[in-house]
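Asks: need a structure here:
(chains A and B)
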Amino acid sequence: MDQPLNRLLLFVIFLSVSLPISAAKVSLSPDKWGDPAGKECVSCHEKSSAGLTTQWKRSQHAEAGVNCLDCHKADIDDADAITHEGAIIATIVSPLDCGRCHTTEYEQQRGSVHSEAVTLIENRLPALAGHVGGAAIVAAGCDQCHGSTVRVRGDGTLDPATWPNSGIGRINPDGSKGSCSSCHGRHRFSKAQAREPSACVRCHSGPDSPDKAIYEASKHGMLFESQREEMALNSDSWVAGKDYVAAPTCVTCHMGAAGKLKATHDVGMRNMWSLNTPVSQKQQLVVFEDGEKIELPESMPSPRRGSEISKMDGTMGKVKAAATPARRRQAMSMVCLECHSKPFTNSFMNQFDAVVNLYNEKFGQPAENIMQQLYSEGLLTPTPFDEPIEFTYWELWHDEGARARHGASMASPNHTWWEGMYLVGRNFYSRFLPQILEVAGKERGEQIISSHVLSREGHEWLKHPNKKNPILGYGKGRLSDD
Amino acid sequence: MTSWKLPVYITRHFLYALFLGGIAGIGFMVFLIEFDHLTSTEEFCTTCHSMELAAETYRQSTHYNPVSGVRASCGDCHVSEGVFEATWDHFMGSKDLFSQIFGPDYDDPVVNALHLPDAAFSARKWFEERDSATCMRCHTLNAIQGKRPDTNAIHVEETEGKSCIHCHINLVHRKVPDQKTFKREKWNAMIEEEFGLEPGAAARILAEE
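Replies: From the prediction side, this is the model:
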């Protein structure tokens, strides 16, 4: 299939794969739920666990007649099936369980950057969480956002090192990946709650992706806060520009319906850049026939429909479609266009891209190259984090580097500069470069810095020690600075 | 004056026999009662080493160390009330003694753990068949208060057609899933991991017996 046709197909997928987030009405016939046996749970559970039962009673699930068993029922053969009051149930309601009714949402979240949150960090986790932290941190920290691999023990109990857990990429006993309750607080399952920016804060906070803080510091966040009553958060239909215009939330831009753009539960679909990598890349989204997905750098040739390429887990998969970075940017921009003009939107995107490019070229790429050189020359041990420069490098891209890029993407000036690129620069010049001299020795270190840094645009000022400026007090009190 | 006479078959020997038989009968009953008491104690039960393994978890349980200080012995739960039922239970229980002597080596912690689920399933069945009668020696449904406000309401309102064992399993001994959702391979794998055995060892041990 040729490229234009491929793109056309993609566009069709973009517009048709998903129903609007607001109008994702369950198309299943109502006789699929309302299991009579499930009605019996309530009278006991309103006593034994009144909180969650009341939450459920106030939910749209209860209103529609969806009861405990509809979600919690399991097959005898399920790994985590337990017998409870004569019913075969599972404690964990996995995306596959929710997908019994919410098929569209299940298919969309499948293979998304959210559902792959464990797989994405699998190979680095042991070095960071294992060495620097410990098993307790993995269970209570990392896994609570990324998701645990839930282990069912031989006696039928869930291994407490892996459960409770509502990490978004949780690997469930049924093999499915993800956790709907990561965003949709159980057992109330309120639309409004999931549309709030606070739905994302449990994980999108902290040094590497302070997205809630970035959002709050942006004009969008300010408007949301002051006009939240105009947000129609409880509305069945929730299309930006139609049902609400006050402000966009996280959901609006990354998942929500806007104008003709359909909603999606694939949260990363509209992201053109990879922002949480040492060097950002424009990325194309490849969708496999089985519903799984993979991100490929723009530099790689776009795979053809029907061709076989390697999936996340290393097995081969047949390509169904691929979305180019430009197409993804176009989708994101469709949200902006509900309130902003085209030139405004494009210029904003230009400002954002410029920050990413600046980070990449001035800091990210040289730092990555230098680290590779230090490792290949044996100037650093292969073990991560046993040398100070490794922490410096890690924070450079993972913390402040990501913060700067996220700040620019969502229009928070402070996160872009003071919390972001300023710290990248400070740590690059005042820690990273001196540490190179420490590990490589003065002579070799200076060679490395010279070839990777001084030759690059943006660092020329280092060669001019006499460029005077009063910012730090130079020349203060003098009549002239001869 | 009418004369009252014993029937002719009530002879002196008959009276001796009746007297001696009565004494023997009382003695026998006393023996059974004492026997049932003796054989219901932890000390007696754990004379078999395999039972010591069951007692380890029992000694960690609230039935051994309740705040009230009312300690339930093995027989309080596992032997019925009443001398005839108790005797019958002990009689039936002698098949365990038979298995202990002639069956698999239950004294071996691995063998013991591998067989534990079957023991748990039959114990649960035993409780179900008796409507958890031994639980109710001490526990009275209406009087169960619990720590949470609704515990009493649940026990009063939600227990129709159920006895204790329907909800309360795995209180005292090592946790075993319900028979319906029990997965033998998973159990074996857990025991293999616990005792550092290579995968497949459990199935082999079970097959060898």
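
Asks: how about residue A:170, what does it touch?
Replies: When contacts are counted by C-beta atoms under 8 Å, 6 or more residues apart in numbering or on different chains, residue A:170 touches A:118, A:147, A:148, A:149, A:150, A:177, A:178, A:179, A:182. Where C-beta positions appear, they are placed from N, C-alpha and C, glycine not excepted.

Asks: Go again with 7 Å.
Replies: With contacts taken as C-beta atoms under 7 Å, 6 or more residues apart in numbering or on different chains, residue A:170 has the following neighbours: A:147, A:148, A:150, A:178, A:179.

Asks: Return the closest of the residues you listed with respect to chain B.
Replies: Of all the contacts of residue A:170, residue A:150 has the smallest distance to chain B: 13.8 Å, by C-beta to the nearest C-beta.

Asks: Spatially nearest residue to that closest one (excluding sequence neighbours)?
Replies: By the measure of C-beta to C-beta, 6 or more residues apart in numbering or on different chains, the closest residue to residue A:150 outside its immediate chain neighbours is residue A:162, 4.8 Å from it.

Asks: residue closest to the middle of chain B?
Replies: Per C-alpha atoms, centre = their mean, the C-alpha nearest to the average position across chain B is that of residue B:78, at 1.7 Å.

Asks: The closest residue to chain A within chain B: which element?
Replies: Using C-beta to the nearest C-beta, the single residue of chain B nearest to chain A is residue B:190, 2.5 Å away. Here residue B:190 is covered by helix B:184-194, with elements defined by DSSP states H and E.

Asks: Quick check: mean pLDDT of the biggest helix by length in chain B?
Replies: Ranked by residue count and defined by DSSP state H, the top helix of chain B is helix B:12-38. Per-residue pLDDT over helix B:12-38 has a mean of 94.

Asks: Quick check: what element follows that helix along the chain?
Replies: Of the helices and strands lying after helix B:12-38 in sequence (DSSP H and E), the nearest is helix B:42-45.

Asks: Show residues contacting stretch B:171-187.
Replies: A:76, A:81-83, A:88, A:154-157, B:54, B:57-58, B:61, B:63, B:116-117, B:120-121, B:170.

Asks: Up against chain B, what does the stretch 1-150 of chain A have?
Replies: When proximity is defined by C-beta under 7 Å from any C-beta of the partner chain, the stretch 1-150 of chain A lies next to chain B at A:43, A:44, A:47, A:48, A:76, A:81, A:82, A:83, A:88.

Asks: related to what we said a few turns ago, now, of the contacts of stretch B:171-187, which are buried?
Replies: Neighbour-count burial (16 or more other C-beta atoms under 10 Å in any protein chain shown) is assigned, among the contacts of stretch B:171-187, to A:81-83, A:88, A:154-157, B:54, B:58, B:63, B:116-117, B:120, B:170.

Asks: ok, residue B:39 - contacts?
Replies: Listed by C-beta under 7 Å, 6+ apart, the contact partners of residue B:39 are residue B:90.

Asks: Quick check: residues of chain B near chain A?
Replies: Counting by C-beta under 7 Å from any C-beta, the residues of chain B lying close to chain A are B:150, B:153-154, B:158, B:175-178, B:180-181, B:186-187, B:189-191.

Asks: switch to 8 Å and redo it
Replies: Those residues of chain B that sit near chain A, judged by C-beta under 8 Å from any C-beta of the partner chain, are B:148, B:150, B:153-154, B:157-158, B:166-167, B:174-183, B:186-191, B:193.

Asks: still on that earlier bit, now, the residues of the stretch 1-150 of chain A next to chain B that are in helices?
Replies: Secondary-structure check on the residues of the stretch 1-150 of chain A next to chain B using DSSP H: residues within helices are A:43, A:44, A:47, A:48.

Asks: Nearest to chain B among these?
Replies: Closest to chain B out of those is residue A:47 (3.5 Å), distances taken as C-beta to the nearest C-beta.

Asks: so how many other residues sit close to the closest one?
Replies: Residues lying near residue A:47 (other C-beta atoms under 10 Å in any protein chain shown) number 19.

Asks: How about the residue of the stretch 301-450 of chain A found nearest chain B: what's its closest non-neighbour residue?
Replies: Here the residue of the stretch 301-450 of chain A nearest chain B is residue A:313; by C-beta to the nearest C-beta that distance is 23.1 Å. Nearest residue to residue A:313 in three dimensions, chain neighbours excluded: residue A:119, at 7.0 Å (C-beta to C-beta, 6+ apart).

Asks: Sounds good, over and out.
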